[in-house]
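Asker: predicted model and sequence below, questions to follow.
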Amino acid sequence: MGVLENKARARLFYKYLSKVYDQVNPFIWDEEMRDEALSMIDIGAGDRVLDVGCGTGFATEGLLEHTDDVHGLDQSIHQMQKAFEKFGKRDRVRFYRGDAERLPFRDDSFDVVWSSGSIEYWPNPVDALVEFRRVVKPGNQVLVVGPDSPKTSVFEKLADSIMLFYDEEEAQRMFEDAGFVDIEHRVLQRRPGSPRAIVTVARAPGADD
């Protein structure tokens, strides 16, 4: 388990990163990548969408271009305070402080569940994905963005000592273990040589599955 796959350490890390997060993030995960990920899922006007690990609200901004019913959850109050400055606490988005592995919502509460830049900090990713399947409506989609595993063994070991990095094979396994179907993966990269993001879209089983 990586150093930052510890919730207390991750909260401390983001206490300081939150001050510069919006300036640093575009070098790794920019609007073009976010919009391509958004094109992979179906969000209808009025759909109730949950943004898990919403942070300062970068993905939230993109989600609001598709629906007005967006709910953001994060464990870092420092990250969320930056989001409050953009959206207000209960104006355009309703925010919750909480844990991806224990979502404070009823079963079948959301039309879509989105999470970007969060899975790498979850100690038990499959547990969180099971929660995603619980709160999304049967037959509907979830999307998760995480860091694609480095392709050299040296960098892979270094990366894994910090947080979770994974490839398509591992993503497939995690989503299957969590009970999802129709699983699709896409690797995005801002420019050659920059960190890669792996986007996974999957569907919660419906009545016909």
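Answerer: Arrived safely.
Asker: name the nearest residue to residue 100, sequence neighbours excluded.
Answerer: Leaving out its chain neighbours, the residue that sits closest to residue 100 by C-beta to C-beta, 6 or more residues apart in numbering is residue 128, at 4.1 Å. C-beta here means a position set from N, CA and C on the backbone, and glycine is covered the same way.
Asker: so what's residue 69 up against?
Answerer: Counting by C-beta atoms under 8 Å, 6 or more residues apart in numbering, residue 69 touches 46-49.
Asker: report the two of those separated the most.
Answerer: Using C-beta to C-beta, these span at most 10.0 Å, a distance reached by 46 and 49.
Asker: these two: who's more crowded?
Answerer: Set residue 46 next to residue 49 and count neighbours by other C-beta atoms under 10 Å: residue 49 wins out with 24 against 10.
Asker: partners of the more buried one in the sheet?
Answerer: Beta-bridge partners recorded for residue 49 (DSSP bridges): residue 70, residue 112.
Asker: against residue 204, how distant is it?
Answerer: Using C-beta to C-beta, to the nearest Å, residue 49 is found at 14 Å from residue 204.
Asker: show me what the longest strand seen in the chain is packed up against.
Answerer: Scanning the chain for the strand with the most residues, using DSSP state E, yields strand 136-147. Under the contact definition 3 or more C-beta pairs under 8 Å, 6 or more residues apart in numbering; DSSP states H and E, strand 136-147 sits against strand 110-116, helix 125-135, strand 196-203.
Asker: still on that earlier bit, can you pull the residues that touch both of residue 46 and residue 49?
Answerer: Shared contacts of residue 46 and residue 49 (C-beta under 8 Å, 6+ apart): 67, 69.
Asker: quick check, central residue of the chain?
Answerer: In the chain, the centroid-proximal residue (C-alpha atoms, centre = their mean) is residue 115; its distance is 1.8 Å.
Asker: and the nearest residue to that residue once chain neighbours are set aside, what pLDDT?
Answerer: Closest residue to residue 115 apart from its sequence neighbours, by C-beta to C-beta, 6+ apart: residue 52 at 4.0 Å. Residue 52 carries a pLDDT score of 97 in this model.
Asker: could you pull out the helices for the chain?
Answerer: Per DSSP state H, the chain carries helices over the ranges 7-17, 21-24, 31-38, 58-63, 77-87, 125-135, 153-160, 168-177.
Asker: mean pLDDT lowest where, among the ones you listed?
Answerer: Lowest mean pLDDT of those: helix 153-160, a mean of 41.
Asker: not counting sequence-adjacent ones, nearest residue to residue 190?
Answerer: In space, residue 190 is closest to residue 30, 5.6 Å off (C-beta to C-beta, 6+ apart).
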